[in-house]
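Novice: Got a predicted structure here, sequence first:
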Amino acid sequence: MAGVAGGVLAAEVHKAGGVGLIGAGHLPLDNLEAEVAKARQQLGLTEDNDLPIGAGLILWRLEAPHLVPPLAAAEPDRWLRYIIHSARMSVLWLSFSADGDLGGWVKRARRIEAEGAKGSERGRARRSWLRIVVMAQTEDMARTLTQQEGVDAVVLQGTEAGGHGPTYEQGLPLDTLISRFSSHLPSTHPPFLLAAGGLASPTSVSRVLALGIAAVVPGTALSVASESLLPQKQKELLVRTRMADDTGRGLAWDLARGTNGWPAGVDGRAVRNLTSEGDKAAGDLRAETERYARAMKEGDVERVVTWAGALPSLTSDDVHYDMQTLQVPASAT
């Protein structure tokens, strides 16, 4: 939920009984620091309080070759120390490592967490407080991560998921992916299995919970909440969109906006628009990049990417949205 889930939304999700997360890793660390401050204010907490929300990291942004080797060696620890020790967040969500080594990131996070046990009394008390969640786009990846020491939950991400997720060639529809883990359900001990992809209505949520999934991860539905960082025009577009028909997967949006570096087997699902469906015969990437940059300045939703999952229309009989406030009703969260 990069660019959508900020500190205010994460705080409100927590207050509603969920696990709020701030999207991070795509912008400099000071952006996360600012969102953490908003979350503390929203929750009425001071800097001396532990923070009962988490941060989700897009890992390839903190790895080589996106960062040159010296920075790639130092930046991960700097981010993790901030999240675990400075912000004292309760959850760390890890996803999209360029080399697929999420296990290495888990070990690094647990090592940094253990540093607190050597420091202050507060650090020693918090040694086992951090919960680590990892997201898997394929069956093999999920099976490996369920065996990884230090993992508290594994998110099974289906091809219906909005934003970045598994390509059709590499991934599976969520129900199929869940069925491959039926012997592990219901989850009775860590790592718990969570589900993501096309889950926005009470019906869809109830369906996967009935299969034994421990919890669900909504994305698109929360994007239209008033607390979301998504621009208003894009919220309105999501409400109008028939998401089962009008979204598509691909890398066209990333090529146009210069956000390349996603792991193999990963692309993005969004509302189809001129960037994804326009005439690419000329193959002029520079011109497309310039058009996209101009559209960003103008807020042109016909070209700017609006990430969205393949799910029923947000104005269906199953989920109702107030077009005046664009707030997600309690039944949908």
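Specialist: Great, that's in hand. Predicted, not measured: the structure shown is a model, and the values here were computed from it.
Novice: Tell me the buried residues in stretch 63-73?
Specialist: E63, L67 (16 or more other C-beta atoms under 10 Å). C-betas here are computed from N, CA, C, even on glycine.
Novice: Make sure I have this right: I22 is in a strand.
Specialist: Yes: counting by DSSP: H, G, I helix; E, B strand; the rest coil, I22 is part of a strand.
Novice: Low-confidence stretches in the stretch 101-250 of the chain?
Specialist: 117-128, 243-244 (pLDDT under 70).
Novice: Do a quick rundown of the helices in the stretch 51-200 of the chain.
Specialist: Assigned by DSSP state H, counting those that start in this stretch, the helices in the stretch 51-200 of the chain fall at 69-81, 102-115, 121-125, 139-146, 174-179.
Novice: For the longest one, which helices and strands make contact with it?
Specialist: Counting contacts by 3 or more C-beta pairs under 8 Å, 6 or more residues apart in numbering; DSSP states H and E, the secondary-structure elements packed against helix 102-115 are helix 69-81, strand 89-95, strand 131-136, helix 139-146.
Novice: circling back: take the helices of the stretch 51-200 of the chain and lay them out in TSV including distance to A10.
Specialist: Output for those, formatted as TSV (distance: least, C-beta to C-beta, whole Å):
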stretch	distance to A10
helix 69-81	17
helix 102-115	19
helix 121-125	22
helix 139-146	23
helix 174-179	24
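Novice: Ok, which of the ones you listed comes nearest G25?
Specialist: helix 69-81 (7.4 Å; C-beta to C-beta).
Novice: Can you give me the domain assignment for the protein?
Specialist: 7-223, 232-316 (automatic domain parsing).
Novice: Including distance to M1, could the ones you listed go into a markdown table?
Specialist: Converted to a markdown table, the domains of the chain look like this (distance: least, C-beta to C-beta, whole Å):
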| stretch | distance to M1 |
| --- | --- |
| domain 7-223 | 4 |
| domain 232-316 | 9 |
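Novice: Go ahead and confirm G56 touches G20.
Specialist: No: using C-beta atoms under 8 Å as the test, G56 is too far from G20 to be in contact (10.5 Å).
Novice: circling back to that earlier point, quick one, which of the helices of the stretch 51-200 of the chain is nearest to G299?
Specialist: helix 69-81 (30.2 Å).
Novice: quick one, strands of the stretch 101-250 of the chain?
Specialist: 131-136, 153-157, 163-166, 192-196, 215-216, 247-250 (DSSP state E, counting those that start in this stretch).
Novice: got a list of contacts for the fifth one?
Specialist: In other words, strand 215-216. Counting contacts by C-beta atoms under 8 Å, 6 or more residues apart in numbering, the residues outside strand 215-216 that touch it are V19, A153, F192, L194, A195, A196, L199, V205, V208, L209.
Novice: Any idea how far stretch 49-59 is from the middle of the chain?
Specialist: From the chain centre to the centre of stretch 49-59 is a distance of 12 Å (C-alpha atoms, centre = their mean, to the nearest Å).
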